[in-house]
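Peer 1: Compute the structure for the input listed below.
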Amino acid sequence: MTTQNKPAVAVIILNWNGAALLKEYLPQVVANTNPETARVIVADNGSTDDSRKILEEQFPEVETLYFDRNYGFAEGYNRAIEHYRDYHYVVLLNSDVAPAPQWIDDLYSFMNAHPEAGACQPKLRAYMERENFEYAGACGGYIDRNGYPYCRGRIFATCEADNGQYDTVAEVDWASGAALMTRPEVYLECGGLDPKFFAHMEEIDLCWRIRLKGYKIYAVPQAVVYHLGGGSLPPSNPRKTYLNFRNNLLMLYKNLPDDVRGKSLFTRRLLDTIAWLKFVATFQFGNAGAILKAHRDYRKMMPEMKVAGAAENLIEKRPNILVRYYLKGQKTFDKL
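Peer 2: This is a model prediction of the structure:
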């Protein structure tokens, strides 16, 4: 594609041994992505399955970038976005996402009209239950005062039905990494996704750093995508538990101001102890062990983490969703 007719947006799908996902979802991405607005690209993270063969034989119109090994979600996207930094915008799109028509034009138009936006996301609905919001982002993400992520349309494991109740554009704390549009220069200025996270919660950390730089994050529900979720690790997998607990601690350590970091992390570690006790009491010993390992590795990684030098605590005014959800029974976003 020549410079003269190159579109403004690079839609980058990071693939690792996802041959089956490519066969199901990539045709829908190609069909519903306006080629005048965006170029669909698959960055392959050193797959050892039939991904390369499928891409070359079944999707010759899709641009490909091949890595020599699996760099994880974070470093894989960092390398891909550095490679495609000459686009006006890039979209991080999971390999298990099927977009609705016009999705890319809606996001592109919004970013063009809002120069203060560092990133945005579409509405995420569940691929298998299409009237419901999807767990990993729903209609825009927030972080409660203790560091727990929640969304318009999803609190903890409760995903609401989408009845149009969140169809207004909203400034949010984070945009889902399942379908995140950003400006390459903003992404790279903020350091990209932290490769030490490897996977899980790294987009929340990135969006926190984007906000600390003075940009805003938005949810744009006029754009809609359908996300399968759990495409890499199922929710019950202890590896996922480990990454979520470890990375949440790392995220708080990096982005909270110096004067509140210690107290906030002490509180969070007490709450994690309660979670560990719950796993033990319900005989989920794999997940209980994952929490212990997460805290051990967090302590090891702390000295090498670069703190943001934040002057403002961006989560201090957020609700305590543990209290709201479990004690007050407020299980939907509109009740918070």
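Peer 1: From now on I want contacts and neighbour counts done on CA atoms only, so please keep to that.
Peer 2: Noted.
Peer 1: just for the stretch 51-200 of the chain, where's the confidence low?
Peer 2: The stretch 51-200 of the chain contains no residues with pLDDT under 70.
Peer 1: the helices in it, which residues?
Peer 2: 51-58, 72-83, 103-113, 184-189 (DSSP state H, counting those that start in this stretch).
Peer 1: between the ones you listed, which one is nearest to residue 292?
Peer 2: Comparison of those against residue 292 by Cα to Cα identifies helix 72-83 as nearest, at 22.5 Å.
Peer 1: so what does the closest one touch, helix or strand wise?
Peer 2: If contacts are counted by 3 or more Cα pairs under 8 Å, 6 or more residues apart in numbering; DSSP states H and E, helix 72-83 sits against strand 9-15, helix 184-189.
Peer 1: Next, the buried residues of that helix.
Peer 2: The neighbour-count check on helix 72-83 (16 or more other Cα atoms under 10 Å) flags 72-81 as buried.
Peer 1: now the end-to-end length of stretch 188-207.
Peer 2: This stretch, stretch 188-207, spans 12 Å end to end (Cα to Cα, to the nearest Å).
Peer 1: Which neighbours in the sheet does the top strand by length along the chain have, and how are they oriented?
Peer 2: Longest strand in the chain, counting residues (DSSP state E): strand 216-227. Here strand 216-227 is paired, per DSSP bridges, with strand 97-99 (antiparallel), strand 117-126 (parallel), strand 170-172 (antiparallel).
Peer 1: mind saving the C-alpha coords of the second one as PDB?
Peer 2: Read it as strand 117-126. Coordinates of each C-alpha in strand 117-126 appear next as PDB, following Å, rounded to 0.1, in the frame of the first residue of the first chain:
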ATOM      1  CA  ALA A 117      -8.100  11.900  24.100                       C
ATOM      2  CA  GLY A 118      -5.100   9.700  24.700                       C
ATOM      3  CA  ALA A 119      -7.100   6.500  24.100                       C
ATOM      4  CA  CYS A 120     -10.700   5.200  23.800                       C
ATOM      5  CA  GLN A 121     -12.600   2.000  23.500                       C
ATOM      6  CA  PRO A 122     -15.800   0.800  22.000                       C
ATOM      7  CA  LYS A 123     -18.700  -0.900  23.800                       C
ATOM      8  CA  LEU A 124     -17.700  -4.500  24.500                       C
ATOM      9  CA  ARG A 125     -20.500  -7.000  24.400                       C
ATOM     10  CA  ALA A 126     -20.200 -10.800  25.000                       C
END
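Peer 1: Can you give me the buried ones in that strand?
Peer 2: Judged by neighbour count (16+ other Cα under 10 Å), strand 117-126 contains these buried residues: 117-126.
Peer 1: And that strand, how far out from the chain middle?
Peer 2: 10 Å (Cα atoms, centre = their mean, to the nearest Å).
Peer 1: before we move on, what about the first one?
Peer 2: Centroid separation between strand 97-99 and its chain, computed with Cα atoms, centre = their mean, is 15 Å.
Peer 1: contacts for that strand?
Peer 2: Residues from elsewhere that reach strand 97-99, judged by Cα atoms under 8 Å, 6 or more residues apart in numbering: 25-26, 28-29, 32-33, 127, 178-179, 224-228.
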